Each structure stands twice: as C-alpha cells, then as structure tokens.
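In: I would like to see how this sequence folds:
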Amino acid sequence: MMTRKKLFWVGLGIVSVGIQCFGPKRTNPPVILPHTIQSQLQIPPRVSDIMNHSCMDCHSYETRWPWYSRVAPISWWLVDNVNDGRNTLNLSEWTQYKPSYALATLRAMNQVVKVGAMPLDSYSKFHPQGKLSDEERRIFCDWAQSESRRLQDALWNNEKPQKSVIQ
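Out: So this is what the prediction gives:
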C-alpha cells in the first residue's frame, strides 16, 4: 500500500510530465528586412553587436530559444516575457511605427538602458553575455541620443530619414 507521501510524489511526477504536452508556442515569424530597425536607422557595428546580444532575443523575431524554453512551467514564463517584449518594442517591425512614435521609442530605449532597466535582470541572469557593461551602456546611449536628434531634425523638416542598412 502506498503511503500518502509516495502517492503525492507519484502524482506530482505525472502532473510534471503531463504539463510538458501543453507548453506555449515559441514563435519566430519571418523577418522582413525592409521592416527592421536596421533598414531605417544608422546603426554602427558596435551598437548592432550590443543590440544583438542584449535586445534581440526579447524585442525581435530573432529570438534564440534556449533548451529550457521547452520545459514547463519555465516555458510559459519565457514565452510570455518574449511576447510582452515584442508587444512593447519590436525591432523587426520598426517601420510599422509612425515616425513620431519611433522617435519617442528611441528616446525611451535610451532612457531604460541609461538607468539600467534594460536588459532585465531576469534575462541577464540566464544570459550573462546580455548584461551591459558601463561602456556598452554609454555607447548605446550616445548612439540613441545622436540618432534621436537626427530623426527629430528629419521630422522637423518634414522629410523621411535616409535609410542605412547595417553592413
């Protein structure tokens, strides 16, 4: 006869295995290059590197899904975080933003990086390469401020900013 403790552990094991069958869908829609931030803004290679290792997993369709993204309940939390990140800012859909909204978003990006709110601590714990050094923060913020001024001038003059694709 099974004791309550053994029954509990057997039940927990069955539930743990069972929930693996009902994980959320991990998506990476196709990236349409003319829609990306790279197609609209002048992004130097160093800033591109920073964005690739600290921003793109949660804020683009280029998410690198780690092995643990297949394990429930972690998968639910991770997919939810990526979906929230994409809904807040999607660098793969940058051209879908109105110019004034893109400008405000770029300024907000500068601010959250400057104060250390991005990347999230929860991301940096699992992706140490995503944590920004003080120098990387400065490089990113200098670029974001410069690019914001360029976009502001273009809006002020009612012209479309020149496109510059990353090499």
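
In: just the helices in this protein please.
Out: Shown for the chain, the helices assigned by DSSP state H span residues 4-19, 45-54, 56-59, 74-88, 99-114, 121-126, 134-156.

In: Give me the buried positions along the fifth one.
Out: So that's helix 99-114. 99, 102, 103, 105, 106, 109, 110, 113 (16 or more other Cβ atoms under 10 Å). Every residue, glycine included, has its C-beta placed from N, CA and C.

In: Against which helices or strands is that helix packed?
Out: Here helix 99-114 touches helix 134-156, going by 3 or more Cβ pairs under 8 Å, 6 or more residues apart in numbering; DSSP states H and E.

In: could you dump the helices of the chain to a markdown table with mean pLDDT?
Out: Converted to a markdown table, those look like this (pLDDT from 0 to 100):
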| stretch | mean pLDDT |
| --- | --- |
| helix 4-19 | 72 |
| helix 45-54 | 97 |
| helix 56-59 | 96 |
| helix 74-88 | 93 |
| helix 99-114 | 95 |
| helix 121-126 | 90 |
| helix 134-156 | 94 |
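
In: what's the most buried one of those?
Out: Neighbour counts (mean count of other Cβ atoms under 10 Å) averaged over each of the helices of the chain peak at helix 56-59, with a mean of 22.

In: Please list the outside residues in contact with it.
Out: Applying Cβ atoms under 8 Å, 6 or more residues apart in numbering, the contact partners of helix 56-59 are 62-64, 81-82, 85-86, 88-91, 119-120, 123, 127, 130.

In: Could you rerun that using 7 Å?
Out: Helix 56-59 is contacted from outside by 62, 63, 64, 81, 82, 85, 86, 89, 90, 91, 123, using Cβ atoms under 7 Å, 6 or more residues apart in numbering.

In: try stretch 48-55
Out: With Cβ under 7 Å, 6+ apart, stretch 48-55 has contacts from 91, 119, 129, 130, 132, 136, 139, 140, 166.
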